[in-house]
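>>> Model the structure of this input:
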Amino acid sequence: MESIIRGLLAQQDPNSRHTLLTRLVVSVIILFANAVLYGFYGVVAAIITYLFGVAWLGMPLFWMFVPFYCMLLYSVWHSIEMLLDYWRNYGHG
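Numbering: from 1, shown residues only. So this is what the prediction gives:
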């Protein structure tokens, strides 16, 4: 992945528009980075929910996964904002 990015950026003229391939690679990186970041927060919240909710209060195991799914949905929401900003304002030369 790093070599693909390095190759794309080496061929990119700073004064011209980003190519579609460069825009797609940057978009995938944004999506992946947000999924990893907020996915980690979701895992931490799932562990806390398991310890307090499932183990201590006896809630169903389903509730352990709710914070993780909520954080993944939030990562998609945040990624959409970042992608719209990138596609509208950056890489246009």
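>>> What's the local residue count around Ile23?
Not quite, residue 23 is Arg, not Ile. If you count neighbours by other Cβ atoms under 10 Å, Arg23 ends up with 17. Yep, even glycine has a C-beta here, placed from its N, CA and C like the rest.
>>> Which pLDDT value goes with it?
As predicted, Arg23 sits at a pLDDT of 87.
>>> got it, and Tyr74?
94.
>>> what about the helix-or-strand element of the chain with minimal mean pLDDT, distance to the chain center?
One helix or strand of the chain scores below all others by mean pLDDT, DSSP states H and E: helix 2-11, with a mean of 72. Centre-to-centre, helix 2-11 and its host chain are 21 Å apart (Cα atoms, centre = their mean, to the nearest Å).
>>> same deal with stretch 62-75?
14 Å.
>>> Check what contacts it and list those residues.
Residues outside stretch 62-75 that contact it (Cβ atoms under 8 Å, 6 or more residues apart in numbering) are 34-35, 37-39, 41-43, 45-46, 48-50, 53-54.
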